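# The sequence isn't on hand, but the structure is:
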């Protein structure tokens, strides 16, 4: 296994120790910290491949930590860990730049599986060199850069993969199940609302920069990226 660096952020010593021991046993390189300030410092200095981030921390919540990391251009994927199971929390976590969400208690096997799934989807396409242009939006697949009418738009790794999937299938209706399978690579326990939330968040970033909305809803079916021009 390649040396995958995992940063664990949790204020509960028993959870930090359990995750650290289990992930090291699974072959990961692990660093663990207990609060948000330490997490930001460790992420900046250690350049982790993925961050396991507790939502409820003593100094700041995990959502604030993620916002700070993204503002510092630290784009390591974030897997939120929390004792809360409200859908709104999941939506908030994903829209601030997180990539997945697990509710405590969780199985260690599932944690490992989620880490691998997140890394597969966030790292896929990094070696591609082509530019995908569909209508007013272009994706430089080598640089992982998205531009809308020459304006650069910052997206999280999962937002990027969702947009790329929609653009690669321009003018084709994609079901929510297809999107879940491709972007998340496992179903979110049937939570199709996660797809709706991510599409909504993409629209908020893209629509103000386009002459008309490009991601359209096909009620009862899914979504379509509508454009007359497709180029690669």
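Arrived safely, thanks for sending. Source: prediction; values computed, not measured.
# got the contact list for the closest residue to residue 218 other than its chain neighbours?
Of all residues not flanking residue 218 in the chain, residue 173 sits nearest, at 5.0 Å (CB to CB, 6 or more residues apart in numbering). (C-beta placed from N, C-alpha, C; glycine too.) For residue 173, the contacting residues are 218, 221, 222, 223, 224, by CB atoms under 8 Å, 6 or more residues apart in numbering.
# can you rerun that using 6 Å?
With contact taken as CB atoms under 6 Å, 6 or more residues apart in numbering, residue 173 is in contact with 218, 221, 222, 224.
# Of the residues you listed, just the buried ones, ChimeraX syntax please.
Buried subset of these, written as a ChimeraX selection, criterion 16 or more other CB atoms under 10 Å:
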select :222,224
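# sorry, back to before: can you give me the distance of the residue nearest to residue 218 to residue 179?
To residue 179, residue 173 is 11 Å away according to CB to CB, to the nearest Å.
# picking that back up, okay, the contacts of residue 173 in TSV with pLDDT next?
What follows is the contacts of residue 173, written out as TSV (pLDDT from 0 to 100):
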residue	pLDDT
218	90
221	86
222	91
224	94
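# ok, residues contacting stretch 56-69?
Identification of contacts with stretch 56-69 by CB under 6 Å, 6+ apart yields 11, 35-37, 39-40, 43, 53-55, 78, 80, 92, 96-98.
# Show me the strands in the chain, by range?
For the chain, the strands defined by DSSP state E occupy 5-9, 29-33, 50-54, 78-82, 100-103, 131-134, 137-140, 145-148, 151-153, 174-175, 215-218, 222-225, 230-231.
# now the helices for this structure?
Remark: helices assigned in the chain by DSSP state H are 13-25, 36-46, 62-71, 87-95, 108-123, 157-168, 176-179, 193-206.
# Quick check: the residue sitting nearest the centre point of the chain vs residue 135, distance?
Closest to where the C-alpha atoms of the chain average out (CA atoms, centre = their mean) is residue 99, at 2.7 Å. Plainly put, residue 99 is 27 Å away from residue 135 if you go by CB to CB.
# Could you point out which of the strands of the chain sits nearest residue 160?
strand 145-148 (6.7 Å; CB to CB).
# That closest one: partners in the sheet, and parallel or antiparallel?
Here strand 145-148 is paired, per DSSP bridges, with strand 137-140 (antiparallel), strand 151-153 (antiparallel).
# okay, those strands, which one's buried deepest?
The highest mean neighbour count among the strands paired with strand 145-148, using mean count of other CB atoms under 10 Å, belongs to strand 137-140: a mean of 20.
# Throw the strands paired with strand 145-148 into a markdown table and include distance to residue 212, thanks.
As requested, the strands paired with strand 145-148 are exported to a markdown table (distance: least, CB to CB, whole Å):
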| stretch | distance to residue 212 |
| --- | --- |
| strand 137-140 | 12 |
| strand 151-153 | 16 |
